[in-house]
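**Student:** Quick one, fold the following:
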Amino acid sequence: MLLKLKANSQRLQVQHYWELLQVLVARNLNVRYRGSFLGVYWSLLNPLMMTGAYTAIFGTAFASYYGNSIFNYILAVFTGLVVINFFSASTGQALLSVVNNGMLLNKISLPMSVFPVSMVVANVFQFAVGVFPLLALMTLINSRSLVNVIALLLPILAMILVCIGISLLVSALFVFFRDLPYFYELVVFLLWLSSPIFYPVEIVPATVKTFLVLNPLFPVIESIRQISLSGALPEVQLIVQSLLSGIIFLALGITCFRWLQTSFMDLL
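**Tutor:** Next up is the predicted model:
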């Protein structure tokens, strides 16, 4: 009987969390795109413009690493940009989420983690509507295989897990360190530089390449590119590496958030 009551209580908590998450995601999207002409499709504008800029500057120099094809270089840059843009937007917005809702948390008892998670989920919706169809079409054209299109979901899942984990971590730390956004901008810039976005990973010196494994986005980008651009079947090793990275950072974020949240109310 006790186990049944406990199971019902947990089910109600999950249901309450899910309903609250839906409300917050809808609110985030409404606020973000109220009065916007293109709506969620603005998420495509930045990577497309940056892809054009990188291609104009580096396309000729690096095309040899992509089968002597400028088009392949364009696709490679685009896949890298959509990953780093998703990470930067979702974690940057999540960083402020707990503190920005401090007044609400002081009035109503709510699960605090739902605020950073809702920011990531809002960006997932934006990614699913704006970016993913283009990635899926690109993958289908290059690979001519539905297996690759379906496999594309795995590194994308890993990307989402990494973002949720980092979002929980930075949103918790911001409660204690209010100058964190300035430092986090530097962290994101370093992740951008250490991610093979506009340059091929082959040109990275071996001594430096060993440090790329510390970048949680590196296996995600490489896995998406392999699935989308190579035309070959998905490499299990790359997918496993990206998922492992996602699980590690998710576990780190959850652990730190739970450990720190007991002290939140004194500072909000």
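**Student:** by contact count, what packs against the helix or strand residue 251 falls within?
**Tutor:** Element membership of residue 251, judged by DSSP states H and E, is helix 236-260. Here helix 236-260 touches helix 153-176, helix 218-229, going by 3 or more Cβ pairs under 8 Å, 6 or more residues apart in numbering; DSSP states H and E. All C-beta spots, glycine's among them, are computed from the backbone N, C-alpha and C.
**Student:** Distance to residue 31 and mean pLDDT added to those, as CSV?
**Tutor:** Below are these laid out as CSV (distance: least, Cβ to Cβ, whole Å; pLDDT from 0 to 100):
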stretch, distance to residue 31, mean pLDDT
helix 153-176, 18, 96
helix 218-229, 28, 92
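**Student:** so which of the ones you listed comes closest to residue 74?
**Tutor:** Nearest to residue 74, of all the helices and strands packed on helix 236-260, is helix 218-229, at 10.4 Å by Cβ to Cβ.
**Student:** Export the helices and strands packed on helix 236-260 as TSV, with columns for distance to residue 196.
**Tutor:** Formatted as TSV, the helices and strands packed on helix 236-260 follow (distance: least, Cβ to Cβ, whole Å):
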stretch	distance to residue 196
helix 153-176	14
helix 218-229	7
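**Student:** thinking again about what came up before, I'd like the average pLDDT over the helix holding residue 251.
**Tutor:** Averaging pLDDT along helix 236-260 yields 94.
**Student:** again with stretch 201-212
**Tutor:** Mean predicted lDDT for stretch 201-212 stands at 81.
**Student:** Surely residue 198 and residue 56 touch.
**Tutor:** No - between residue 198 and residue 56 there is no contact under Cβ atoms under 8 Å: 11.1 Å.
**Student:** quick one: which of these two has more around it?
**Tutor:** Regarding residue 198 and residue 56, a neighbour count based on other Cβ atoms under 10 Å identifies residue 198 as having more, with 20 against 9.
**Student:** can you pull the contacts of the nearest residue in space to that one that is not next to it in sequence?
**Tutor:** Leaving aside its chain neighbours, residue 198 sits nearest to residue 54 (4.2 Å; criterion: Cβ to Cβ, 6 or more residues apart in numbering). By Cβ atoms under 8 Å, 6 or more residues apart in numbering, the contact set of residue 54 is 77, 197, 198.
**Student:** Would you mind giving the residues you listed as TSV with secondary structure added?
**Tutor:** Formatted as TSV, these follow (DSSP: H, G, I helix; E, B strand; the rest coil):
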residue	secondary structure
77	helix
197	coil
198	coil
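**Student:** for these, which one is nearest residue 230?
**Tutor:** Nearest to residue 230 among the contacts of residue 54 is residue 77, at 15.8 Å by Cβ to Cβ.
**Student:** how near is the closest one to residue 234?
**Tutor:** Between residue 77 and residue 234 the computed distance is 21 Å (Cβ to Cβ, to the nearest Å).
**Student:** Pick out whichever of those two has more residues nearby.
**Tutor:** Set residue 77 next to residue 234 and count neighbours by other Cβ under 10 Å: residue 77 wins out with 25 against 22.
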